[in-house]
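*Asks:* Sequence plus the predicted model coming up.
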Amino acid sequence: MANLLELKNVSKVYSRGLINAQATIALQDMSLTLKEDEPTIMTVAGESGSGKTTLAMLLLGFITPTTGEIIYRGKNITALQGEDRLAYRREVQAVFQDPFAVFNPFYTVDHLLTVPIRRFRLARSKSEARGKMDEALTAVGLRPEDVLGRFPHQLSGGQRQRINVARALLLKPRLLIADEPVSMVDASLRANILETLRNLQRDHGVSIIYITHDLTTAYHIAKSIIVLYRGGVMEAGDVDAVIKSPQHPYTRLLVDSIPWPNLDQRWGAHPIMAREAAGGRSHGCPFKSRCPQAMPVCDTRPPLFEIDSRHAAACYLYDKQPKVQAERLSELLPV
């Protein structure tokens, strides 16, 4: 079975300073595989500074890995040239957090949609281009007559975000990187956008990497989840198992911070300790300084331990369980 995307031990380290250079590990030893013919929705979750956006930038080819390889359909994306690079740019698309940022306020919606059509030569005439625009807008739940010809400020945040999804859909992508796509949208519109993304995966065969700090939306949209903290994988597996029965202390604190509608049920019962200074330790468990269950052994970075066939956690609380090699992580993620 062919692989659509492979991350092989990918790390990204940022350095600052010339004399006393300091290194910050944004992503460490990440391995992941998405199958070509098994489109799925996978969540990458974590708080700010966990490495989520760095992962998105790497997948989109905007930055290069410090170590490791990112392989798309059998080819290293850093070596792509000519038609191969153009195909990658067309087939791997993104929807970002701010639905207004990608719009030029001096152009109408039509401009945002016609540029990729012209850039990738998707239509041979204006009428064919208009047909493709109508089809994409309809697919994301918008009426073309309501949005075409209008300027960004004349649209709601939900409409703008769905137009961004429609722009990506125009190019018939194989992979969509959705980086916090509903965090700046009214709560009443989040369900519509999440349903739009789910329809893309189900009806158009698009694999989606859904990046978020919000475990509530992650639970509702994804089949699998990877929880990051300071560049490292803390927990991974079936989204239902990870969120309903979190095993890593960090994931437990994240789940504990979710507000519940039941006023008798407390949230935030376990205080999250202050994080270390920027840079922090480069060895040991990155969560040790904040962990209520830290042990001396945590001075050595823990591997992933297999909780069950669909669940793993990088914590010495489970050191009696079998270890999971980094390249086997994807085997724990349901599609």
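*Replies:* Structure's in. What do you need?
*Asks:* what does the lengthiest helix in the chain rub up against?
*Replies:* Counting by DSSP state H, the longest helix found in the chain is helix 187-204. Residues from elsewhere that reach helix 187-204, judged by Cβ atoms under 8 Å, 6 or more residues apart in numbering: 39-41, 139-141, 156-158, 161-162, 165, 169, 172, 176, 178, 181-182, 185, 206-208, 210, 217, 220-221. Heads up, the C-betas are built off the backbone N, CA and C, glycines and all.
*Asks:* got it, and stretch 147-156?
*Replies:* In contact with stretch 147-156 (Cβ under 8 Å, 6+ apart) are residues 100, 103-105, 107-110, 133, 137, 159-160, 163, 186, 189.
*Asks:* Quick check: end-to-end length of it?
*Replies:* End-to-end span of stretch 147-156 (Cα to Cα, to the nearest Å): 10 Å.
*Asks:* any idea of the mean pLDDT for it?
*Replies:* Averaged over stretch 147-156, pLDDT sits at 90.
*Asks:* Any idea how many residues pack against the residue nearest to Q97 when sequence neighbours are not counted?
*Replies:* Ranked by Cβ to Cβ, 6 or more residues apart in numbering and with sequence neighbours excluded, the top spatial neighbour of Q97 is E180, at 3.9 Å. Number of residues near E180 (other Cβ atoms under 10 Å) recorded here: 20.
*Asks:* dump the residue contacts of E180.
*Replies:* 96-97, 211-213.
*Asks:* Buried by neighbour count: which residues of stretch 22-37 qualify?
*Replies:* Neighbour-count burial for stretch 22-37 flags 24-34 (criterion: 16 or more other Cβ atoms under 10 Å).
*Asks:* Which of these fall in strands?
*Replies:* Of the positions in the buried residues of stretch 22-37, 24-34 sit in strands, assigned by DSSP state E.
*Asks:* the helices in the stretch 1-150 of the chain, which residues?
*Replies:* Using DSSP state H, counting those that start in this stretch, the helices found in the stretch 1-150 of the chain span residues 52-59, 82-91, 109-119, 126-139, 144-147.
*Asks:* Could I get those helices in a markdown table, plus columns for mean neighbour count?
*Replies:* Converted to a markdown table, the helices of the stretch 1-150 of the chain look like this (neighbours: other Cβ atoms under 10 Å):
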| stretch | mean neighbour count |
| --- | --- |
| helix 52-59 | 22 |
| helix 82-91 | 14 |
| helix 109-119 | 17 |
| helix 126-139 | 16 |
| helix 144-147 | 15 |
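*Asks:* Let me have these in TSV, extended by distance to A314.
*Replies:* Formatted as TSV, the helices of the stretch 1-150 of the chain follow (distance: least, Cβ to Cβ, whole Å):
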stretch	distance to A314
helix 52-59	16
helix 82-91	31
helix 109-119	40
helix 126-139	39
helix 144-147	45
